[in-house]
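Colleague: No sequence on hand, only this structure:
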Ligand code: SME
């Protein structure tokens, strides 16, 4: 078992510590599923107020459910569909304060209200997306988006 104590004073520092812990966790391990599984667990354990944290992998131009924490989720998402599909199609992070107002949102868990999806791109290729859901409206801010982009870059190196 790995025991990371991440209790930084502010959000930016917390994300820096989380990225450092993630880097340590995936160091030397070449298996992408193992690395995504540990990343999902670490994020789930560290970030407050989430009801889902995990990955969808780009398998031949379709997003397929990867390692995650939270309730069982939809398995396949087409590019352009829902928040995850929008991130995959645009290669841009998607931050949604209220998913009920997002046209085409895919409701895997009725408890989800806000969502942050960050594409994981390596050498110009989309490998996966990191998806975080929260039961709180507007849970994710600029710092979360920047922090999760940092996490996506660390995990991208480990896939
Ligand atoms: N809500 C997402 C689907 C994935 S679940 O949240 C785990 C979407 O609209 O893409």
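Modeller: The structure has been received and is ready for your questions. The model shown is predicted, which means the values in this text are computed figures rather than measured ones. Numbers count the residues shown, from 1 in each chain.

Colleague: Quick check, pLDDT for the residue nearest to residue 125 when sequence neighbours are not counted.
Modeller: Among residues not flanking residue 125 along the chain, residue 58 sits closest, at 7.9 Å (C-beta to C-beta, 6 or more residues apart in numbering). Glycine gets a C-beta too; all of them are placed from N, C-alpha and C. With respect to pLDDT, residue 58 scores 98.

Colleague: Next: the one 5 residues further on.
Modeller: With respect to pLDDT, residue 63 has a value of 98.

Colleague: Looking from the ligand, tell me which residue of this structure is nearest.
Modeller: residue 82 (2.8 Å; C-beta to the nearest ligand atom).

Colleague: Could you find the closest non-adjacent residue to that residue?
Modeller: Of all residues not flanking residue 82 in the chain, residue 106 sits nearest, at 3.6 Å (C-beta to C-beta, 6+ apart).

Colleague: Now do the contacts for the one you found.
Modeller: 74, 77, 81-85 (C-beta atoms under 8 Å, 6 or more residues apart in numbering).

Colleague: Look at the residue nearest the centre of the chain and report its pLDDT.
Modeller: The chain has residue 130 as the residue nearest its centroid, 2.4 Å off, counting by C-alpha atoms, centre = their mean. Note on residue 130: pLDDT of 98.

Colleague: I figured it hits residue 55, correct?
Modeller: Yes - counting by C-beta atoms under 8 Å, residue 130 does reach residue 55; the two are 6.0 Å apart.

Colleague: Could you pull out the residues contacting both of the two?
Modeller: 39, 120.

Colleague: Tell me the spacing between the residue nearest to residue 159 when sequence neighbours are not counted and residue 86.
Modeller: Spatial nearest neighbour of residue 159, excluding adjacent residues (C-beta to C-beta, 6+ apart): residue 32 at 4.3 Å. Using C-beta to C-beta, to the nearest Å, residue 32 is found at 23 Å from residue 86.
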